[in-house]
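>>> Let's see this in three dimensions:
(chains A and B)
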Protein chains: 2
Amino acid sequence: MKKPLILVSNDDGITSKGIRTLVEVMKELGEVVVVAPDSPQSGMGHAITIGNTLRLEETDIFEGVTAYECSGTPADCVKLAKHFVLKDRRPDLVVSGINHGSNTAISILYSGTMSAAIEGAIEGMPAIGFSLCDYASDADFSHTREYIKKIAQTVLEKGLTKGVALNVNFPPKRNENIKGIKICRQARAKWQEEFDQRYDPNGRRYFWLAGNFVNFDKGEDNDEWSIANNYVSVVPCIFDLTAHHAISLMNDEWEI
Amino acid sequence: MKKPLILVSNDDGITSKGIRTLVEVMKELGEVVVVAPDSPQSGMGHAITIGNTLRLEETDIFEGVTAYECSGTPADCVKLAKHFVLKDRRPDLVVSGINHGSNTAISILYSGTMSAAIEGAIEGMPAIGFSLCDYASDADFSHTREYIKKIAQTVLEKGLTKGVALNVNFPPKRNENIKGIKICRQARAKWQEEFDQRYDPNGRRYFWLAGNFVNFDKGEDNDEWSIANNYVSVVPCIFDLTAHHAISLMNDEWEI
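Next up is the predicted model:
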């Protein structure tokens, strides 16, 4: 049987521990090609590079794996992979991560990790973004391996509904074992921002964006609950942002 | 009656013709505060600035309007406006644009214009992104004014369903008058990318992202159809990306 072709990207950059772990697990499942940013791209959302040029250089940092580092965003990486690096070869699976940090709830909007996965889904390829709810650069990913393998294998076997990408988050390594996988919805939560105002050596003001994550969701069928209760959360995601329920309401209310 | 407070942002930068037009129209409706990028931010999607600092400087380029230019992304601008510039004052409306170029269909994902509006919706404020399907920096916005005023007024009067932002696109100025407003869904379409490979004066390879927009959608209830047929398209948008329909399907199919 032909080995599946698996495209790997991320947003923390090609040298991060998370992508290294993901590449290792994917090598057990198929032929791996990596196209990932040459520098950290956290918080890049679905940004693409349109007013500037892109660099792409081959690198041998992953043993036995074709890999490229790219100056662009995660979405750029997947586009370059599909249209330039792989050309006529179509990946059987696109995976992104493992992100150093949570991408639950509203964080999906800001997430470069998930934008790479969603870019894969836009191209009609089964795609998964993996994130660990631990921001440390030396985070312990050991407990995620068996679940990543299982989820990727399931998607390779059963496929995904067209236009759906998976947002998978893992609880941080705790003493207690992971309880299992929950297929669930995005929690209703937001970031409560604060801006840290400072002055540079020349006396000019600048700001750091800071803030706290606030979960408003009292349900148990969402990703935040799953992570808090030591489950792996799997949220199927779409890129049609239409509020379909609002269309007929607005047609009633608006006199147009 | 107290004048409504209207926050204006965009992604083409604070000096663009589009935001100037939007500020002029909004001045007819209320008190306007502008916080917009100091440089073009097209294609920034929902990017936020987390690994770097932000600058914010007051500017008097809009007569009689409090305005700030910010070094960050459109999403940063709305966050800074809410948490620093306006502090205890809550905008009655957040508007973004007018974008020089279409934000129909899948382009919403890459759109800085819409990320500013969605950021407003996340904060629970009625929010609208306006885009003109004409990329020229000197595009003719004259036919958009009456519709922008009408839509903004309607939202100020009737509000929006919580968590919903509007993605409004205008046809380019044509000989024929605009036929009206269509409340519709996001068309199923994508960008068919191509990468233009070049070499710099030092012989190093680089790429330009290029591509064509391809509309797969045969329906008439979507934004692409509306623009092609000279209607203003209004798509109500959400930021819950959950594919709710896929959850029970996956629970059936996956043996977990």
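>>> all contacts plus neighbour counts: C-alpha atoms, from now on.
OK.
>>> residues making contact with the helix or strand hosting A:Glu24?
Here A:Glu24, judged by DSSP states H and E, is contained in helix A:17-27. Applying C-alpha atoms under 8 Å, 6 or more residues apart in numbering or on different chains, the set of residues contacting helix A:17-27 from outside is A:6, A:8-10, A:12-14, A:32, A:62, A:96-100, A:137-139, A:141, A:145, A:148-149.
>>> What residues sit buried inside that helix?
Neighbour counts over helix A:17-27 (16 or more other C-alpha atoms under 10 Å in any protein chain shown) mark A:Lys17, A:Gly18, A:Ile19, A:Arg20, A:Thr21, A:Leu22, A:Val23, A:Val25, A:Met26 as buried.
>>> got the residues of the stretch 101-250 of chain A near chain B?
A:106, A:109-110, A:122, A:154, A:158, A:161, A:164, A:180-181, A:183-186, A:190, A:193-195, A:205-210, A:235-244, A:246-247, A:250 (C-alpha under 8 Å from any C-alpha of the partner chain).
>>> Counting only strands, which of the residues you listed make the cut?
Judged by DSSP state E, these include A:180-181, A:183, A:190, A:193-195, A:205-210, A:235-237 as members of strands.
>>> Make a ChimeraX selection of the buried ones in those residues.
To isolate the buried members of those in ChimeraX, using 16+ other C-alpha under 10 Å:
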select /A:181,183,190,193,194,195,206,207,208,209,235,236,237
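>>> Against A:Val35, how distant is A:Ile50?
For A:Ile50, the distance to A:Val35 equals 18 Å [C-alpha to C-alpha, to the nearest Å].
>>> With neighbour numbers in mind, choose between those two.
A:Val35 (29 against 16; other C-alpha atoms under 10 Å in any protein chain shown).
>>> Sticking with the more buried one, tell me its helix or strand.
strand A:31-37.
>>> for that strand, packing partners?
In terms of contacts (3 or more C-alpha pairs under 8 Å, 6 or more residues apart in numbering or on different chains; DSSP states H and E), strand A:31-37 is packed against strand A:5-9, strand A:66-70, helix A:74-80.
>>> Quick check: phi and psi on A:Gln41?
phi -130, psi 30 (degrees, to the nearest 10).
>>> Tell me who's in contact with it.
A:Asp11, A:Asp12, A:Gly13, A:Thr73, A:Pro74, A:Gly112.
>>> The first one belongs to a helix, doesn't it?
The one in question is A:Asp11. No: the secondary structure assignment for A:Asp11 gives coil rather than a helix, going by DSSP: H, G, I helix; E, B strand; the rest coil.
>>> Tell me how many other residues crowd it.
33.
>>> May I ask you to confirm that it is in contact with A:Val35?
No: taking contacts as C-alpha atoms under 8 Å, A:Asp11 lies outside contact range of A:Val35: 10.7 Å.
>>> that older thread, quick one: which of the contacts of A:Gln41 has the most company?
That'd be A:Pro74 among those, by other C-alpha under 10 Å, with 35 neighbours.
>>> contacting residues for it?
A:Pro74 neighbours (C-alpha under 8 Å, 6+ apart): A:Ser9, A:Asn10, A:Asp11, A:Ala36, A:Pro37, A:Gln41, A:Met44, A:His46, A:Gly112, A:Thr113, A:Ser115, A:Ala116.
>>> Could you list the buried residues of stretch A:121-136?
Using 16+ other C-alpha under 10 Å as the test for burial, stretch A:121-136 gives A:121-134.
>>> Save these as CSV, and put in pLDDT and distance to A:Asn215 too.
Compiled in CSV, the buried residues of stretch A:121-136 are given as follows (pLDDT from 0 to 100; distance: C-alpha to C-alpha, whole Å):
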residue, pLDDT, distance to A:Asn215
A:Ala121, 96, 28
A:Ile122, 94, 29
A:Glu123, 92, 32
A:Gly124, 93, 32
A:Met125, 96, 32
A:Pro126, 97, 29
A:Ala127, 98, 27
A:Ile128, 98, 24
A:Gly129, 98, 21
A:Phe130, 98, 21
A:Ser131, 98, 18
A:Leu132, 98, 18
A:Cys133, 97, 15
A:Asp134, 95, 17
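>>> Quick one: mean pLDDT for the longest helix seen in chain A?
Criterion DSSP state H: the longest helix present in chain A is helix A:145-158. Across helix A:145-158, pLDDT averages out at 97.
>>> helices and strands around the helix or strand following it, which ones?
Note on helix A:145-158: by DSSP H and E, the next helix or strand toward the C-terminus is strand A:165-170. With contacts taken as 3+ C-alpha pairs under 8 Å, 6+ apart, strand A:165-170 sits against helix A:112-122, strand A:127-132, helix A:223-228, strand A:231-237.
>>> what's the closest of the ones you listed to B:Asn230?
With distances scored as C-alpha to C-alpha, the stretch of these nearest to B:Asn230 is helix A:112-122 (27.2 Å).
>>> same for the closest one, what does it pack against?
helix A:74-80, strand A:93-100, strand A:127-132, strand A:165-170.
>>> Now do the nearest residue to A:Ala139 once chain neighbours are set aside against chain B, distance only.
For A:Ala139, ignoring the flanking residues on the chain, the nearest one in space by C-alpha to C-alpha, 6 or more residues apart in numbering or on different chains is A:His100 at 7.3 Å. As for A:His100, its distance to chain B is 14 Å (criterion: C-alpha to the nearest C-alpha, to the nearest Å).
>>> A:His100 bridge partners, please.
A:Leu132 (DSSP bridges).
>>> Might one say that it is in contact with A:Phe141?
No: here A:His100 does not reach A:Phe141: they are 9.5 Å apart, not a contact under C-alpha under 8 Å.
>>> who touches both of the two?
With C-alpha under 8 Å, 6+ apart as the test, A:His100 and A:Phe141 both reach A:Gly18, A:Leu132.
>>> Looking at the two, which is more packed in?
A:His100 (27 against 19).
>>> What score does A:Asp12 have for pLDDT?
For A:Asp12, the predicted pLDDT is 94.
>>> residues contacting the closest residue to it other than its chain neighbours?
Excluding the flanking residues, the one nearest A:Asp12 by C-alpha to C-alpha, 6+ apart is A:Pro40, at 4.4 Å. By C-alpha under 8 Å, 6+ apart, the residues touching A:Pro40 are A:Asp11, A:Asp12, A:Gly13.
>>> what mean pLDDT does stretch A:209-219 have?
91.
>>> ok, residues contacting it?
A:187-196, A:224-225, B:49-50, B:53-54.
>>> A:Gly159 is in contact with A:Ile128, isn't it?
No: counting by C-alpha under 8 Å, A:Gly159 does not reach A:Ile128; the two are 11.2 Å apart.
>>> Can you pull out the low-pLDDT segments for chain A?
Where chain A drops to pLDDT under 70, the residues are A:1.
>>> if you set the cut-off to 90 instead, what comes out?
Applying pLDDT under 90 to chain A picks out residues A:1-2, A:40-52, A:87-88, A:162, A:190-194, A:210-212, A:255-256.
>>> got the contact list for the nearest residue to A:Ser16 once chain neighbours are set aside?
Excluding its sequence neighbours, the residue lying closest to A:Ser16 (C-alpha to C-alpha, 6+ apart) is A:Ser137, at 7.3 Å. Applying C-alpha under 8 Å, 6+ apart to A:Ser137 gives the contacts A:Ser16, A:Lys17, A:His100.
>>> Quick one: neighbours of A:Thr104, just the number.
29.
>>> That one and A:Asp76: what is the separation?
For A:Thr104 relative to A:Asp76 (C-alpha to C-alpha), the value is 23 Å.
>>> again, but for A:Ser9
10 Å.
>>> With neighbour numbers in mind, choose between these two.
A:Ser9 (33 against 25).
>>> follow-up on the earlier one: which of the buried residues of stretch A:121-136 lies at the shortest distance from A:Phe170?
Of the buried residues of stretch A:121-136, the one sitting nearest to A:Phe170 (C-alpha to C-alpha) turns out to be A:Leu132, at 4.7 Å.
>>> A:Pro171 is in contact with that closest one, correct?
Yes: the criterion here is C-alpha under 8 Å, and A:Leu132 meets it with A:Pro171 at 6.3 Å.
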